[in-house]
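> build me a model from this:
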Amino acid sequence: RQFMLKSISQEKKNFLLETFLPNYQSHLFENPDSYLAKIFGLFKITHQFGSAPMYLMLVENIHRLSKRMLVAIYDLKGSTLDRSVLKKMGTNNVTKTTVLKDLDFKARHGSLYLCQEDREFVL
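Sure, this is the predicted structure:
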């Protein structure tokens, strides 16, 4: 699968449109080889009966990268609230394709240090 649909809250949709996307777009234009997942669209789904709309984001599926290259997958959001998979699953049940979270990264690696060139490439 080349794409994924991800549901997002209205607050996150607002943040994306107002704050994140302009900088993200500039970054991708300046860094076409960036490893950031590409965002291809943002959609609003409404229901007939007046219930709250649903927001969906169409993103590149980064899981299609070669499994041989894969060491771990992290869904990093910059938050610590409910951001650990290891506490729920235990370390024995984790595979290379288990999506880990912020506190798992911190527990396994502490911090991420990059040289200036790599930092500019990633950010």
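> what residue lies at the spatial centre of this protein?
Asp75 (5.1 Å; C-alpha atoms, centre = their mean).
> which SS state does the residue of the chain most remote from its centre fall under?
No residue in the chain sits farther from the centre than Phe49, which is 31.9 Å out by C-alpha atoms, centre = their mean. Assigned with DSSP: H, G, I helix; E, B strand; the rest coil, Phe49 falls in the coil class.
> which residues of the chain fall in helices?
Along the chain, the segments classed as helices by DSSP state H run 10-15, 21-30, 86-89, 102-109, 116-122.
> check which residues of stretch 72-92 are buried.
Arg83, Ser84, Val85, Leu86 (16 or more other C-beta atoms under 10 Å). In this view, the C-beta of every residue, glycine as well, is placed from N, C-alpha and C.
> mind checking how far that stretch is from the chain centre?
13 Å (C-alpha atoms, centre = their mean, to the nearest Å).
> how far does it stretch from start to finish?
For stretch 72-92, the first-to-last residue distance is 14 Å (C-alpha to C-alpha, to the nearest Å).
> oh, and call the first residue 59 from now on, that's how I've got it
Understood, numbering begins at 59; the last thing we discussed is stretch 130-150.
> and the pLDDT for Phe179?
pLDDT for Phe179: 63.
> make that His105, sorry
pLDDT at His105 comes out at 81.
> swap in Asp140?
87.
> now Gly108
75.
> what does the one 3 residues further on give?
Reading off the confidence values, Pro111 has pLDDT 89.
> and it, what does it touch?
For Pro111, the contact set (C-beta atoms under 8 Å, 6 or more residues apart in numbering) comprises Gln68, Lys102, Ile103, Thr104, His105.
> hmm, Tyr113 and the second one touching each other?
Looking back up the chat, that one is Lys102. Yes. The criterion here is C-beta atoms under 8 Å, and Lys102 meets it with Tyr113 at 5.7 Å.
> please identify which of those two sits among more neighbours.
Neighbours were counted for Lys102 and for Tyr113 using other C-beta atoms under 10 Å; Tyr113 has more, 19 against 10.
> how far away is the spatially closest residue to that one that is not a sequence neighbour from Leu139?
Closest residue to Tyr113 apart from its sequence neighbours, by C-beta to C-beta, 6 or more residues apart in numbering: Lys71 at 4.5 Å. Counting by C-beta to C-beta, to the nearest Å, the gap from Lys71 to Leu139 is 20 Å.
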